[in-house]
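Student: Following is a predicted model, sequence given first.
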Amino acid sequence: MEIESFSQFRCQAIENFSYNEHRVRKNETLTIGQNIRLLTNCYKFSFRNNLEIDLFVVSFLNSDKEVCDNIKKRFKRDFVMMALASDKNNFFEKNIVYDDSNLLYVINESLNDIYEYCIDNVGKKTYYIRIVKVKHFKIDLKDENNVLNAESKTFLSLMLTQFSKNPSENTYNKNWIGINNKLYYKPDQNLSRESDLDFLRQLLSGISFSILLGPRAQTILNVDQIHGIFTKSELNIIDFYFEVNGAKRKETLLKNASMNEGQRKKMTNLLKGINLSVVYNKVKEFTIYEVVNKIPAKTLITVDGKSLTILDYFKKTYNISLNYPYLPLIQMNPKQANILIPMELVRVSMKPQRLKQKLEGYLESLMVKKCTKIPSIKFSNINRYLKEFKHEANKYLENYDVKIGEQIKTEGKIFPNIYVKCPAQYRDRNFYDKQLKNFTYGIIFIDRFSDEYKKFNYIEKIEHIIMNVSNFGCDFTQNIKPIYISDCGNSNNLFQTIKSNLSKLGENEIKSHLVFFIINNDSVSYGKIKMFCEQKAFIGCHSQVLKLKTINRINTANKMCRVTTNIAMKINGKLGGLSKSLYHDCNDKSLEDFKRKFFDRYNPTIFMGADVIHSSEQKSGNEYHPSISAVVGSMDILGSKYAVSGKIHTTTINKGKQAMETIQYLQEQVKERLLSFEKATGTLPKHIVFFRDGVSDSQFKLTMDYEVKSIHEACYSINPHYVPTITFLVVQKRHGVRIYNTNNNNDRNFNGNVPPNTIIANDIVNPTFLDFYAVFHKGLLGTSKPCHIYALYDDWNLTLNEICLISSWMANVCTRCTSSISLPTPCYYADLACTRLKYHYIEKQLLEEKKNSISDIEIHSRIKNEQFFV
């Protein structure tokens, strides 16, 4: 989707950097909790000393030597390797590391500044490759604040997989598929069927590499098991014909076979996004536009001024006699080129293709089942792949003196268990319940239901949910029955349906009203519902969307039904209630001091979470959106209730050429959260604990300078004398570190995962920054993924114990479930809010038919200070 006003977006540079001093590690150790011995998937790692690298930028040019940006990534590696193979005097293949895009690393101090190569005979086109030296640097991992640190880590990670990308090696396209820092292992023929998802796709497993810096600046290699969905390369398109028709080859006579419109459309959808080749030209590759309603025997083309059928053309030009002249032709991209190829001559490209489209239905369930491994199996697989890797990459890695040492064992701490009381204790929730009286609700069925018995059953289950919500504090006791039940068979009438039902209610009655929307499992109405209910330009009411599959899981006879409880808690929290109380069941002075410190009404603390959501490179058309940020902030002393300030970004923040994933309007968003806290509690917070999601290691310093500075400026803008303490914590989820509890205690429910609230703060942590790994939740399936928390800035001078305790506590306040979640709730809520605002943006763009770009999303005043996003 092209939005005209995006051309007005500007690129803003940050000048006069004055980095705030980060929170350093002060030889602190954890003194709370029980010790536990653990095994990690990290290994000691070493490589050649004084390793110096030339960094080149690779450009791809067309025949007129103009930069060609549309070269597909799958061709770039082949082009570059072809060029470098022709110049072995300068580029010895064991000295090169290529990122499959535009960066080439070379160990050779005598290279020129620029090289250019001609690659011809690629189809009918000629390309040039220009390689320009931009930098010479020495591998340096010690200085975390240096740009070279990030470049060095990138080089080392790519170097480990380069052996699989060199075409002269036996392993090229044979045993391993190398993509960036990942290696996918190709199973042999006997085992390949075990990796099948369906007739087209297979799930390949492998390992990824990440370079870490541990205590005393020790280099550590993190090796994680990964999975990727790939196409099967042995398929021809006739196989798709049988899949679409649900037939077996031996049962079908293809000589006179044809396809109807529905079958052609289904095949088009199956082939979308897949690279295809043809049997008569194995160099050329295509992607499908569509399966057309034309056949080779009757479709005419003009060649040398003469008309002939495509059937005759292939016989005359390629001496190919078509076996199935009545199967439809496949039209390839681009549409205007009118490339029509007989189906039987097309096959899936032999080159490995990783698919990024989201799976649906049973395929998604099957993939999750295949990927879910308990720690013992996961760690065994990692070591098996690592052994294979060492054997096959040995000759290449010897060039860099790479040595992968022993697996790192460590000792963690199991922090005291946090107990949850549901519903919340009366003394905790009394303050909230006072404002939650006399609620009403209604039900709108988005799709018409012909089965009245099922409809009645759904209404009964919603009444059951409402009775449970009342138990948590939000009072529906006077209105257990819905005040209206409506059908909305056409989503185009959705707004009028909602508006007409709420028109009978007064202002205060709408604020105390909840609308249930019942949708089909495959409905696409969710975003539109939320836009109409929540945006300032529309209605402004609370809503709860339920899919049929969720309602069907509700057991009204079971008082302990988890689905009912979770929905009831969610609704209670959404409407402003407190759903649970938290407490430690022990008389530990340090724990009592912790609670007094962080939940002191006379010296209150506000808890904030922040995240930014971006469009992925696969998003286009209606799914595209600009960057959207959300900052959530607590509205009470207990840090249980939150509200959000969301913004659409119009600027990319840069320092020089380095883009930053910073929050453009953070000062404004933080100020709004602080003032809302003051309005709700009667006082500004004395302390700010800020959980920031999604910042990579390489941008710590830039993020600190911009975002910590923005928080300070937000406080100053309220009052020059208002100077609360700030604790800025970065929470990372995208990392490969996993933990294995090898201490089998003969418990039949033991699966190798660590207990909840396990903290690791040594052996694999950073030597400079104060950081730790934490598993807050109970891992029931697969291997628990710890979150990685950095304390980047802290002028409250909290101890490591206190930072771990408050992070653990915050993982338990989530109102969507009774148990703890895997990361601090402010981070989770910020992520939920970003996703909700994304729906708002996309739906409003569609509604306004893209006439105007949307610069802001305003939430209706009735709900803007409520947890509508949970």
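Tutor: It's in.

Student: helix, strand or coil for residue 369?
Tutor: The three-state assignment at residue 369 reads helix, by DSSP: H, G, I helix; E, B strand; the rest coil.

Student: That one: neighbour count?
Tutor: When neighbours are defined as other CB atoms under 10 Å, residue 369 has 9 of them. Every residue, glycine included, has its C-beta placed from N, CA and C.

Student: For it, give its distance to residue 201.
Tutor: Separation of residue 369 from residue 201 (CB to CB, to the nearest Å): 15 Å.

Student: residue closest to the middle of the protein?
Tutor: Ranked by distance to the mean C-alpha position of the chain (CA atoms, centre = their mean), the top residue is residue 734 at 8.4 Å.

Student: mean confidence for the helix or strand that contains residue 209?
Tutor: Secondary structure from DSSP states H and E places residue 209 in strand 201-213. Taken as a whole, strand 201-213 has a mean pLDDT of 94.

Student: Render the CA-only coordinates of that strand in PDB, please.
Tutor: C-alpha atoms of strand 201-213 as PDB (Å, rounded to 0.1, in the frame of the first residue of the first chain):
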ATOM      1  CA  ARG A 201       6.000 -28.400   2.400                       C
ATOM      2  CA  GLN A 202       8.400 -29.900   4.800                       C
ATOM      3  CA  LEU A 203       9.700 -28.800   8.200                       C
ATOM      4  CA  LEU A 204      13.500 -28.900   8.400                       C
ATOM      5  CA  SER A 205      15.400 -28.600  11.600                       C
ATOM      6  CA  GLY A 206      18.900 -27.300  12.300                       C
ATOM      7  CA  ILE A 207      21.000 -24.900  14.400                       C
ATOM      8  CA  SER A 208      21.600 -21.200  14.600                       C
ATOM      9  CA  PHE A 209      24.700 -19.400  16.000                       C
ATOM     10  CA  SER A 210      25.000 -16.300  18.100                       C
ATOM     11  CA  ILE A 211      28.200 -14.800  19.600                       C
ATOM     12  CA  LEU A 212      28.000 -13.600  23.200                       C
ATOM     13  CA  LEU A 213      30.400 -12.000  25.500                       C
END
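
Student: And it, what's buried?
Tutor: By 16 or more other CB atoms under 10 Å, the buried positions in strand 201-213 come out as 201-213.

Student: C-terminal to it, what's the next element?
Tutor: strand 219-231.

Student: lowest confidence element among the helices and strands of this protein?
Tutor: strand 10-13 (a mean of 34; mean pLDDT, DSSP states H and E).

Student: partner strands of the helix or strand following that one, parallel or antiparallel?
Tutor: Downstream of strand 10-13, the first helix or strand assigned by DSSP H and E is strand 34-46. Applying DSSP bridges, strand 34-46 is found paired with strand 219-231 (antiparallel), strand 403-414 (antiparallel), strand 739-740 (antiparallel).

Student: most packed of those strands?
Tutor: strand 739-740 (a mean of 25; mean count of other CB atoms under 10 Å).

Student: by contact count, what packs against the next helix or strand after that strand?
Tutor: Per DSSP H and E, the first helix or strand lying C-terminal to strand 739-740 is strand 758-760. Contact partners of strand 758-760 among helices and strands, from 3 or more CB pairs under 8 Å, 6 or more residues apart in numbering; DSSP states H and E: strand 34-46, strand 403-414, strand 770-775.

Student: Sheet partners, orientation included, of the last one?
Tutor: Strand 770-775 has these partner strands in its sheet, going by DSSP bridges: strand 758-760 (antiparallel), strand 787-794 (antiparallel).

Student: any idea how far residue 159 is from residue 135?
Tutor: Using CB to CB, residue 135 is found at 17 Å from residue 159.

Student: do residue 609 as well
Tutor: Taken as CB to CB, the span from residue 609 to residue 159 is 37 Å.
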